[in-house]
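Colleague: predicted structure and sequence below. I'll ask about it afterward.
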Amino acid sequence: MYDPKSVKAEEFISHEEILNTLEYANSVKDDMAVVDSILEKARDAKGLSHREASVLLACENQDKVNQIFDLAFQIKQQFYGNRIVLFAPLYLSNYCINGCLYCPYHRNSDIARKKLTQDEIRAETIALQNMGHKRLAVESGEDPVNNPIEYILESLDTIYSVKHKNGAIRRVNVNIAATTVENYRKLHDAGIGTYILFQETYDKAGYEQLHPTGPKHNYAYHTEAMDRAMQGDIDDVGLGVLFGLENYRYEFAGLMMHAEHLEAAFGVGPHTISVPRVKPAHGVDPLSFDGGISDELFAKLAACIRIAVPYTGMIISTREGKGVREKLLRLGVSQISGASRTSVGGYVEASEEDTRQFEVSDTRTLDEVIKWLIDMNYVPSFCTACYRAGRTGDRFMELCKSKQILNCCHPNALMTLKEYLMDYAGAETSEAGEKLIEKELDTIPKEKIRNLVRKNLANIQNGQRDFRL
Ligand code: SF4
Ligand code: SF4
């Protein structure tokens, strides 16, 4: 039985409720009065239920689809303005005991195995700092012998301890396998930002086929991971499905139900939602799964997520190329990775034996990505202020839902961009960035804040670092 407050996976992600939702969405998707009433509700920017959002996703009327895109853009402007947060993944180890069929790190893969030593992690961190990164997402396969929690914790300590020139990694998000409440508490105490875990697919039968072996085979344990993370005091969690594995409408409804569950059970929805699509990798052919998600459909999925959960950050990685990223930035994405290496040790040198988890589609340097964002009038942001100021979980959500967080995000974006321009940018990026900062300063509504930001920008120019609101 469907119960968003339940602690049991099969009750808060009810298969029956998803099937009923899909049937309902199919039955009303051509009824424009119903679609219009959902769009009307969505204009309040307070979100939609999984059933309402599923109707929008199913609707194929081109005029309404255009309205969905326009509304997603408006909601994104309201909650996020024009700033885009940058991050990079850091792969620690590709040892893994799971059998995920879509991932080249699965236990039977003949891919080269590598695990970074602490010295190698230090070197990778310096390479990332030298590009200008301040925010990382740590990635590791599941292997209690090679990658125990102690290894992850030690690696986090190492990353946070490296201060190279003006560089610093100020926030490390962690994407490791589902674990125990005790281990989540250890990650919390180690000062992680968001705990990220992709569900991959919400369809239990499909999930069990795609994960034939290893601890990840246990659907309930994996699906209830965010509940355990919350119990371990991690109150910023990041959801995601791997689009292209199973029926996208099913996945979308499941994803929305997962968000509703977190809100109902803990009073805090997901901090972020990632939208990865299956990509080619060593021994992995995306066409062998459910089939491709076209770029147009992918854009519609992103727009529907933006409308359904306006307060949740949306992440797109370099799995996607420049064109798709550009489109999705407009429709709701608020965070992107830049200059990513998806191999273990790839920032210091592309390893002789390729250990990549997937092929990167956007291969530009971070400076090229920053310049591209500036040219499109986005403000690239290296802000990490919230969790460092204790604005996490419900405290963060309250500020986000009331849109007050924008009063911090925009000034912080300008100050962290200034740091980037001073320390890492090429000449063209620097010139374009300075002009953008000058223009954006005028849009800060409160004079007091504007003056403070001006003062801090001058301090950054004079060599000081790390100002934040
Ligand atoms: S997706 Fe994660 S758990 Fe599965 S094989 Fe790859 S690294 Fe291991
Ligand atoms: S102020 Fe908070 S929400 Fe805004 S960009 Fe910085 S860390 Fe993110």
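Modeller: Alright, I've got the coordinates. Numbers count the residues shown, from 1 in each chain. Ligands and ions are numbered 1, 2, ... in the order given.
Colleague: by contact count, what packs against whatever helix or strand Ile159 lives in?
Modeller: Using DSSP states H and E, Ile159 sits within helix 149-161. In terms of contacts (3 or more Cβ pairs under 8 Å, 6 or more residues apart in numbering; DSSP states H and E), helix 149-161 is packed against strand 83-93, helix 118-131, strand 135-140, strand 171-175, helix 181-189. C-betas here are computed from N, CA, C, even on glycine.
Colleague: now mean neighbour count too, for the ones you listed, in CSV please.
Modeller: CSV is the format used below for these (neighbours: other Cβ atoms under 10 Å):
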stretch, mean neighbour count
strand 83-93, 24
helix 118-131, 19
strand 135-140, 23
strand 171-175, 22
helix 181-189, 17
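Colleague: any weak-confidence spans in the stretch 351-469 of the chain?
Modeller: Across the stretch 351-469 of the chain, the ranges flagged by pLDDT under 70 are 351-353.
Colleague: gap between the residue of it found nearest ligand 1 and ligand 2?
Modeller: Distances between the stretch 351-469 of the chain and ligand 1 by Cβ to the nearest ligand atom are smallest at Gln357, namely 6.8 Å. Distance check for Gln357 against ligand 2: by Cβ to the nearest ligand atom, to the nearest Å, it reads 26 Å.
Colleague: next: Pro89.
Modeller: Distance, Pro89 to ligand 2, by Cβ to the nearest ligand atom: 18 Å.
Colleague: quick check: bridge partners of that residue?
Modeller: When bridges are called by DSSP bridges, Pro89 pairs up with Ala137.
Colleague: wait, doesn't it sit right on Glu139?
Modeller: Yes: under the criterion of Cβ atoms under 8 Å, Pro89 makes contact with Glu139 at 5.4 Å.
Colleague: need the residues touching each of these two.
Modeller: Common neighbours of Pro89 and Glu139, counting by Cβ atoms under 8 Å, 6 or more residues apart in numbering, are Asn175.
Colleague: reformat the helices and strands packed on helix 149-161 as TSV; add mean pLDDT.
Modeller: As requested, those are exported to TSV (pLDDT from 0 to 100):
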stretch	mean pLDDT
strand 83-93	98
helix 118-131	98
strand 135-140	98
strand 171-175	98
helix 181-189	98
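Colleague: ligand 1: which of those is closest?
Modeller: Each of the helices and strands packed on helix 149-161 was scored for nearness to ligand 1 using Cβ to the nearest ligand atom, and the closest is strand 135-140 (7.5 Å).
Colleague: for that closest one, enumerate the helices and strands it packs against.
Modeller: In terms of contacts (3+ Cβ pairs under 8 Å, 6+ apart), strand 135-140 is packed against strand 83-93, helix 149-161, strand 171-175.
Colleague: would you turn those into CSV with distance to Ala339?
Modeller: Listed next are those as CSV, based on distance: least, Cβ to Cβ, whole Å:
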stretch, distance to Ala339
strand 83-93, 7
helix 149-161, 17
strand 171-175, 17
